[in-house]
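Participant: from the sequence below, what's the structure:
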Amino acid sequence: MIGTLIQLLILLIFPLLFLLPRLGIGLYLTCFFLIPSLSLPALGLEDVETSVLFALAFMAANVRNMKYVKRIDYSPFIPFVILYTVFFFLTFLSAREVPLTFSLKIFIRYFIMTFIIPISMYTMICCKPSLLKLANKAVILTIAVSVGYGLILIMYNGANPYLDMLHSEISLPEIHLGDDSDRLFGAISSVFMHPMSFGVMIGLSFIYLINIKQYQAVSPPIYIVLMIMTLLASVACGVRSSLAGLIGTGCVYLLLKRRFKLFLIGGAAAILALIIMSYIPALDSYVGSMFQMESDNVHGSSIAQRLVQLGASINETQDNLYFGNGYAWHSYYIFNNDGYGHPLLHGWESLLFVAITDSGFVGVALWIVFCIYFCIKFKDVGIICLFAYFMLFRLATGQFGEEMFYYFYALILCYRNITSNNIPTVIKRKI
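Facilitator: Sure, this is the predicted structure:
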């Protein structure tokens, strides 16, 4: 019964994008964040196929709204599109261990799911600013529900009744549940299929809330409650990369604002906090394992494990250290091993390892140049901090939350675009 209702809700998005785009965008964002899989098994459609249909629907809705188009600035998205296109074409210089058809399929799927829908949504909102109010409400709702539910799961010791119910109704892909001995409250996944997805959502939500504060888009009481909830969740969700990413982003913010004295004070406070944690058993195992240097019994996201994985990623590209094994080689490896990860790299738990194995040292250099370029081109501190958190989290955990990042990124850009064109009437209506 629940599965049928969810599928009907997903199907409802398609006509709403044309008839009532305000509701269509809001419902799509709500479903995207709160429903782990947007597949339609009743129609025989998996996640990827449904995403293609959504991309076509968003593009068609934009054609219908062309009368509202003035001049859309796509420059914030162009560098990302160029970057991934360059990565794809690097495969022709690689060791060619990945069939071109496989690389092309992954590239097209990634492009559709990661770029077309967020850019189409951005276009629709910029053309018709009245759409932004409900889109923001939908995101605020999803933040409240996902983070609130995640905090409630602290009491469930790794269990997740919501995902269990959905799994029995709509046969979700592999979900990651259960406790972890190195976590204070277990690895919490909330409404997502993996704890890492919840972890990246927490940090992106926190930075999104900071970015929209100046537009008075959320009433102060709700804003304060959400900020407190996301901070608590970053500590309690069991994904240490979420908290570490927020701390790292805070450092980036202080450096961008040239508050060097406060940066040094914060660094000293962090070191003191780590020393104190080393005397608290639960906190010692939670945080201290990240700094484990012993090579024996390597486990968890420790420095020792990352060094082992770095060596493994370099070893896998011996045939072509400069250009790697080809675009999406890490996905091809997992595909050929029936979904099982690498003996040492596991699921490629860092963007660095993905870059080395897929694109070699040239790929790593491209990422470094891109990050520098992004910070120079976009002098907006709020957007840089969103990007910084996203990159720090990916360096620590792998390729999680890419679609989420582009949705938050697109909505913040909508706020910036609308205010720069002196259209404040939509924004300053509080939730």
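
Participant: separation between Phe192 and Asn417?
Facilitator: According to Cβ to Cβ, to the nearest Å, Phe192 stands 29 Å off from Asn417. C-betas here are computed from N, CA, C, even on glycine.

Participant: out of these two, which sits in the busier spot?
Facilitator: Neighbours were counted for Phe192 and for Asn417 using other Cβ atoms under 10 Å; Phe192 has more, 25 against 18.

Participant: quick check: closest non-adjacent residue to that one.
Facilitator: Sequence neighbours aside, Phe198 is the residue nearest to Phe192 in space, at 4.8 Å (criterion: Cβ to Cβ, 6 or more residues apart in numbering).

Participant: the closest residue to Met196 other than its chain neighbours in helix, strand or coil?
Facilitator: The shortest distance from Met196 to any non-neighbouring residue, by Cβ to Cβ, 6+ apart, is to Phe400 (4.3 Å). On the three-state scheme (DSSP: H, G, I helix; E, B strand; the rest coil), Phe400 is labelled coil.

Participant: following the chain onward from the helix or strand of the chain with the lowest mean pLDDT, which element is next?
Facilitator: The weakest-scoring helix or strand in the chain, judged by mean pLDDT, DSSP states H and E, is helix 281-287 (a mean of 60). Sequence-wise, the next helix or strand downstream of helix 281-287 (DSSP states H and E) is helix 303-315.

Participant: how about Leu40, phi and psi?
Facilitator: Backbone torsions for Leu40, taken as degrees, to the nearest 10, come to phi -130, psi 80.

Participant: bridging residues for it?
Facilitator: Beta-bridge pairing of Leu40 under DSSP bridges involves Leu45.

Participant: before we move on, the earlier item: now for the residue nearest to Met196: which residues touch it?
Facilitator: Applying Cβ atoms under 8 Å, 6 or more residues apart in numbering to Phe400 gives the contacts His194, Met196, Ser197, Gly199, Val200, Phe393, Arg394.

Participant: distance of it relative to Asn62?
Facilitator: Per Cβ to Cβ, Phe400 is found 29 Å from Asn62.

Participant: any low-confidence regions in the stretch 101-250 of the chain?
Facilitator: Residues of the stretch 101-250 of the chain meeting the criterion pLDDT under 70: 158, 170-186.

Participant: now with 80, please.
Facilitator: Low-confidence regions of the stretch 101-250 of the chain, defined here as pLDDT under 80, cover residues 113, 157-158, 167-187.

Participant: and the helix or strand encompassing the residue nearest to Phe192, how far out from the chain middle?
Facilitator: Element membership for Phe198 (DSSP H and E) is helix 195-212. Distance of helix 195-212 from the chain centroid (Cα atoms, centre = their mean, to the nearest Å) equals 8 Å.

Participant: coming back round to it: who wins for neighbours among the contacts of Phe400?
Facilitator: Neighbour counts for the contacts of Phe400 (other Cβ under 10 Å) peak at Gly199, which has 32 neighbours.

Participant: pull the contacting residues for it.
Facilitator: Listed by Cβ under 8 Å, 6+ apart, the contact set of Gly199 reads Ser234, Cys237, Val239, Ser241, Ser242, Phe393, Thr397, Phe400.

Participant: redo that, cut-off 6 Å
Facilitator: Residues in contact with Gly199 (Cβ atoms under 6 Å, 6 or more residues apart in numbering) are Cys237, Val239, Ser241, Ser242.
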